[in-house]
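Asker: turn this into a model:
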Amino acid sequence: MPDTIIVPEFIVSTLPRAPLFADELGALIDHGLMERLEVSLGASMPPDRNLGPSQNKVLDDLIIKQTETLGDLALTSGVVRERLHAWWYHPDGISLTERFAAALVEAVRVHQLKSLPPLDAATPFYKDRVIQELKIALPRLRGAAAAGRKTKHRSFSIDEIKSQFRDIVRESNLGRLAGNMDFMVLLLRCPAGVHQTGVERATAYAEFLI
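Answerer: Numbering: from 1, shown residues only. All right, here's what the predicted structure looks like:
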């Protein structure tokens, strides 16, 4: 029987500390929102994200809750911006916008140490799983990179690194990494031919989690 998937309550607790471009950060937040929406609804989202009113209500509540810890980072999310625009025409648009604004204020209060940050009971379990899977995947990725240098007499390109990483995760049945593949591939982004940078980024993420 597969392990029960436990998702940290707050997206912010899964984001890397290293700076990212706004579109990269937005993509991670989009992924986090959809993942938590699926958990809340107990169903997979349609590929086109064409949600019904009841699903959007859950998503709106989720966005507001996450904004209490994400703060203005939430605005990098395309999903968040789409819903903010939709609120202009929503019957409860004013109250939704007021709640979103209050969530931004709460995030600033936490940042300025005027409020305590919320506790995320799932985070320790999630971090432990990710760390254990990274400890399996990263040595294999380094080994594949070293073998590639010997056989091809050159460093792997970033696309080759991504492909190797995906293969390792799939073949090793690493569920947490597989479920966050878009996020992990972003960590592996680096200039072509400088594969060590990508591996070091993923390693640094594992060390941060510890």
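
Asker: the closest residue to Ala144 other than its chain neighbours: neighbour count?
Answerer: Closest residue to Ala144 apart from its sequence neighbours, by C-beta to C-beta, 6 or more residues apart in numbering: Gln164 at 4.7 Å. Glycine gets a C-beta too; all of them are placed from N, C-alpha and C. Residues near Gln164, counting by other C-beta atoms under 10 Å, number 21.

Asker: got it, and Gln132?
Answerer: 13.

Asker: this structure - how does it break down into domains?
Answerer: For the chain, automatic domain parsing gives the domain ranges 11-111, 123-209.

Asker: if we can go back for a sec, from Arg142, how far out is the residue nearest to Ala144?
Answerer: Distance of Gln164 to Arg142, computed by C-beta to C-beta, to the nearest Å: 10 Å.

Asker: three-state assignment of the residue nearest to Ala144?
Answerer: When classified by DSSP: H, G, I helix; E, B strand; the rest coil, Gln164 comes out as helix.

Asker: contacting residues around it?
Answerer: By C-beta atoms under 8 Å, 6 or more residues apart in numbering, the residues touching Gln164 are 141, 144-145, 148, 156.

Asker: equivalent analysis for Leu51, please.
Answerer: Per C-beta under 8 Å, 6+ apart, neighbours of Leu51: 45, 59.

Asker: now it: which helix or strand?
Answerer: Remark: Leu51 resides in no helix or strand, with elements defined by DSSP states H and E.

Asker: can I get the host helix or strand of Arg170 in PDB, CA atoms only?
Answerer: Element membership for Arg170 (DSSP H and E) is helix 158-171. Below are the C-alpha coordinates for helix 158-171, written out as PDB (Å, rounded to 0.1, in the frame of the first residue of the first chain):
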ATOM      1  CA  ILE A 158      21.400  21.000 -18.300                       C
ATOM      2  CA  ASP A 159      18.800  19.200 -20.400                       C
ATOM      3  CA  GLU A 160      20.800  16.000 -20.000                       C
ATOM      4  CA  ILE A 161      21.000  16.600 -16.200                       C
ATOM      5  CA  LYS A 162      17.200  17.100 -16.000                       C
ATOM      6  CA  SER A 163      16.600  13.900 -18.000                       C
ATOM      7  CA  GLN A 164      19.000  11.900 -15.800                       C
ATOM      8  CA  PHE A 165      17.400  13.300 -12.700                       C
ATOM      9  CA  ARG A 166      13.900  12.400 -13.900                       C
ATOM     10  CA  ASP A 167      15.100   8.800 -14.800                       C
ATOM     11  CA  ILE A 168      16.700   8.400 -11.400                       C
ATOM     12  CA  VAL A 169      13.600   9.600  -9.500                       C
ATOM     13  CA  ARG A 170      11.300   7.300 -11.600                       C
ATOM     14  CA  GLU A 171      13.500   4.200 -11.400                       C
END
